[in-house]
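Novice: Let's see this in three dimensions:
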Amino acid sequence: METLMLPFSPRFIVLTICAVVTALLFGIGIVDHKAFDLVLIPLLIFGALTLLGIRDLTQKNHAVLRNYPISAHLRFLLEEIRPEMRQYFFESEKDGMPFSRDTRAVVYQRAKMVLDKRPFGTQEDVYREGYEWIHHSVAPKVRANEQFRVLIGGPDCAKPYSASVFNISAMSFGALSPNAVRALNAGAKKGGFAHDTGEGGVSPYHREKGGDLIWEVGSGYFGCRNRDGSFNPEEFARVACDDQIKMVELKISQGAKPGHGGVLPAAKVSEEIAKIRGVPVNEDCISPATHRAFSTPLEMMAFISEMRRLSGGKPAGFKLCIGHPWEFLAICKAMLETKIYPDFIVVDGNEGGTGAAPLEFMDHMGMPMREGVSFVHNALLGINARDRIRIGASGKIATAFDIARAMAIGADWCNSARGFMFALGCIQSLSCHTDRCPTGVTTQDPTRNRALVVPHKIERVYNYHHATLHALAELLAAAGLEHPRELRPIHFSHRAATTEVQTFAKLYPSLRPGELIDGTDDPRFRDAWAMARADTFAAAE
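Specialist: Got it, this is the predicted structure:
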């Protein structure tokens, strides 16, 4: 009896109703041919729903559909639009991840050059644990008019580069659409700042507008590789000597998925991408987790020296997310032993990353940017190399306060990826990896990326950079400073608990120059320094 009543249970009633209505409409059409035209459309609708319900009952992939035929599709629909519903109707100004609604809004406003001020006081809870602020001065300065810059290039560099303190972080063509790359590079040219190519190679879209480029070379050596995937020095030299390329950067790891390789599926390796990357068409394009050109810190320093030589003396450095501390200190020991020093190091944090990654990597792998920058800054101080090596910081940087905070801890300049994506019109739909970006920023679908109108977005990229540096200048002036290089940890405070406040100087204590060479008792470095060896990345026993 219970089985006979199942069609009338709440789980199956929708299918039962559709089946009954379909049968009734079909019967009416058979009995009265004149009424058939009137019932045809309802008959098709209810008939299709009935067939859908039967399919739901018999399919084996989704248990919820087998138990709730037809009606369970509403669940999938609501799940599909959940991010949009939450973003548009339920988020407060401080909600939203990875970037809050308020942060996104200020980028949009600055990119459009509309009013970016806020009324009626802060919406931050200034007494919550983790709240941070910059100290102001009772003797503020006049706001500086200069576009803050930093000179990158040590004693071994023949062509140092004067970079803005705020630049576009690494994003490859392929991850970004052609129009997005065009707009970013043209905006960089107009604003006098740099555009990192990402590891996908230097595309025609990077070259088209003539903006300054930082060429990132990853473990796949895209754009400078042999057929077997090994590094091709001749091809590297040919590309790197282009005047548009101002610096060359070796990618060791990235914040979103440090220690994890990547695969661009064969279906996405078009003739255009294959030509740019130097890979076969319609075959999986693999970015290995490790480099083939070197395997020890000593070999890595030699490779960076070779990159500098092959590029004609341009600044050469590397990017990484800090992992095992002894591995970076092994690189430092290799610098001391070989007397080869990079011109710059970009520190990526695990909060950074535009690329898709496994959840465990994105949430729990790698050191956050601030701890990473502080660690690298102090390590270079400890080997007396800080004055010749510049540090870049990337990882969830979007506002002037983000820039100032990173530079106070030890960065010389900052890079932003998602900030400039917002300037292009990104709405944080979190669909970057699906090729269905609603704003045309992260898709290779020409019917979608046409939505991104390049001349219009060039202005927004330029405006965002210009307005952010303007805000940075105002922050510095209020703090009694003239240039961000004057920022120090003592200028910032962090609320560790409701009634406990610490300055960044307490949170990020500094080593003395040469302290690692002399022998340190600092627990952050002492054991890791003893474990580090220049001839291997493995820890000494």
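Novice: What helix or strand is residue 248 located in?
Specialist: Residue 248 belongs to strand 245-251 when assigned by DSSP states H and E.
Novice: Pull up the pairing partners for that strand, direction included.
Specialist: Strand pairing for strand 245-251, using DSSP bridges, gives strand 213-217 (parallel), strand 316-321 (parallel).
Novice: out of the ones you listed, nearest to residue 397?
Specialist: Distance to residue 397, taken as CB to CB, is lowest for strand 316-321 among these, at 14.4 Å. For every residue, glycine as well, the C-beta is placed using N, CA and C.
Novice: following that closest one, which helix or strand shows up next?
Specialist: Downstream of strand 316-321 (by DSSP H and E), the next one is helix 325-338.
Novice: Tell me the buried residues in that next one?
Specialist: 325-336, 338 (16 or more other CB atoms under 10 Å).
Novice: How about residue 132: which residues does it bridge to?
Specialist: residue 494.
Novice: gap between it and residue 493?
Specialist: 7 Å (CB to CB, to the nearest Å).
Novice: mind checking pLDDT for residue 280?
Specialist: Looking at residue 280, its pLDDT stands at 85.
Novice: Residue 29: which element?
Specialist: With DSSP H and E as the test, residue 29 turns up in helix 13-31.
Novice: and what of residue 401?
Specialist: helix 400-409.
Novice: gap between the helix or strand following that helix and the chain center?
Specialist: Sequence order places strand 413-416 as the next helix or strand after helix 400-409, per DSSP H and E. The chain centre lies 11 Å from the centre of strand 413-416; the measure is CA atoms, centre = their mean, to the nearest Å.
Novice: which residues of the stretch 101-250 of the chain score low on pLDDT?
Specialist: Counting by pLDDT under 70, the stretch 101-250 of the chain contains no low-confidence range.
Novice: can you give me the strands in it?
Specialist: Ranges of strands in the stretch 101-250 of the chain, per DSSP state E, counting those that start in this stretch, are 132-134, 149-152, 161-164, 166-168, 195-196, 213-217, 245-251.
Novice: Which positions within the third one qualify as buried?
Specialist: Going back to what we said before, that points to strand 161-164. 161, 163, 164.
Novice: in the next helix or strand after the helix holding residue 29, what counts as buried?
Specialist: Next helix or strand after helix 13-31 toward the C-terminus (DSSP H and E): helix 33-58. For helix 33-58, burial by neighbour count (16+ other CB under 10 Å) applies to 39, 43, 46, 47, 49, 50, 52, 53, 56.
Novice: Quick one: list the elements packing against helix 33-58.
Specialist: helix 13-31, helix 63-67 (3 or more CB pairs under 8 Å, 6 or more residues apart in numbering; DSSP states H and E).
Novice: Could you dump the ones you listed into a markdown table with distance to residue 122 added?
Specialist: Listed next are the helices and strands packed on helix 33-58 as a markdown table, based on distance: least, CB to CB, whole Å:
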| stretch | distance to residue 122 |
| --- | --- |
| helix 13-31 | 50 |
| helix 63-67 | 44 |
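Novice: Same list (the ones you listed) but as a markdown table, adding mean neighbour count, mean pLDDT and distance to residue 506.
Specialist: Shown next, in a markdown table, are these (neighbours: other CB atoms under 10 Å; pLDDT from 0 to 100; distance: least, CB to CB, whole Å):
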| stretch | mean neighbour count | mean pLDDT | distance to residue 506 |
| --- | --- | --- | --- |
| helix 13-31 | 16 | 89 | 63 |
| helix 63-67 | 15 | 87 | 53 |
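Novice: gap between the two ends of stretch 87-102?
Specialist: 12 Å (CA to CA, to the nearest Å).
Novice: same deal with stretch 371-391?
Specialist: 13 Å.
Novice: about what we covered before: with distance to residue 280 as extra columns, can I get the strands of the stretch 101-250 of the chain in CSV?
Specialist: As requested, the strands of the stretch 101-250 of the chain are exported to CSV (distance: least, CB to CB, whole Å):
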stretch, distance to residue 280
strand 132-134, 49
strand 149-152, 36
strand 161-164, 34
strand 166-168, 30
strand 195-196, 26
strand 213-217, 20
strand 245-251, 22
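Novice: I'd like to know which of those strands lies nearest to residue 471.
Specialist: strand 166-168 (10.6 Å).
Novice: on contacts alone, who are the packing partners of the closest one?
Specialist: helix 178-191, strand 195-196, strand 413-416, helix 454-478.
Novice: ok so, going back, which one of the strands of the stretch 101-250 of the chain lies nearest to residue 508?
Specialist: Judging the strands of the stretch 101-250 of the chain by CB to CB, what sits closest to residue 508 is strand 132-134, at 12.2 Å.
Novice: can you give me how far the closest one is from the chain middle?
Specialist: 24 Å.
Novice: Kindly check the end-to-end length of stretch 359-374 for me.
Specialist: Start-to-end, stretch 359-374 (CA to CA) is 26 Å.
Novice: Mind listing residues that contact it?
Specialist: For stretch 359-374, contacts defined as CB atoms under 8 Å, 6 or more residues apart in numbering pick out 253, 255-260, 321-323, 347-353, 375, 391, 393-396, 405-406, 409-411, 508.
Novice: now do stretch 13-22
Specialist: Contacts for stretch 13-22 (CB under 8 Å, 6+ apart): 7-8, 42-43, 46-47, 49-50, 53-54, 56-57, 69-71.
Novice: Pick the one among the residues you listed closest to residue 226.
Specialist: Among the contacts of stretch 13-22, and counting by CB to CB, the member closest to residue 226 is residue 56, at 52.3 Å.
Novice: Was I right to think that closest one contacts residue 65?
Specialist: Yes. Using CB atoms under 8 Å, residue 56 is in contact with residue 65, at 4.1 Å.
Novice: between those two, what contacts are shared?
Specialist: Shared contacts of residue 56 and residue 65 (CB under 8 Å, 6+ apart): 72, 73.
Novice: Can you flag the buried ones in the contacts of stretch 359-374?
Specialist: 253, 255-258, 260, 321-323, 347-353, 375, 391, 393-396, 405-406, 409-411, 508.
Novice: Tell me which of those fall in helices.
Specialist: Mapping the buried ones among the contacts of stretch 359-374 onto helices (DSSP state H) picks out 375, 405, 406, 409.
Novice: Which one of those residues is nearest to residue 296?
Specialist: residue 375 (21.0 Å).
Novice: For that closest one, which non-adjacent residue is spatially closest?
Specialist: residue 322 (5.7 Å; CB to CB, 6 or more residues apart in numbering).
Novice: gap between the one you found and residue 347?
Specialist: 7 Å.
Novice: hmm, back to that, identify the residues contacting the strand holding residue 248?
Specialist: 152, 161, 163, 170, 194, 196, 199, 202, 212-219, 239-240, 300, 303-304, 307-308, 311, 314-320, 343-344, 346.
Novice: returning to that earlier point: with residue 147 as the reference, name the closest of the helices and strands packed on strand 166-168.
Specialist: Per CB to CB, nearest to residue 147 of the helices and strands packed on strand 166-168: helix 454-478, 6.1 Å.
Novice: Could you check the angle that closest one makes with helix 178-191?
Specialist: For helix 454-478 against helix 178-191, the angle by axes from the mean of the first three to the mean of the last three CA atoms, to 10 degrees is 50 degrees.
Novice: Okay, buried residues for helix 454-478 please.
Specialist: Quick answer for helix 454-478 (16+ other CB under 10 Å): 454, 457-469, 471-473, 475-477.
Novice: Residue 140: which of the strands paired with strand 245-251 is closest?
Specialist: strand 213-217 (34.3 Å).
Novice: for the stretch 301-450 of the chain, what are the low-confidence residue spans?
Specialist: 353-356.
Novice: redo that, cut-off 90
Specialist: 349-367, 395, 425-450 (pLDDT under 90).
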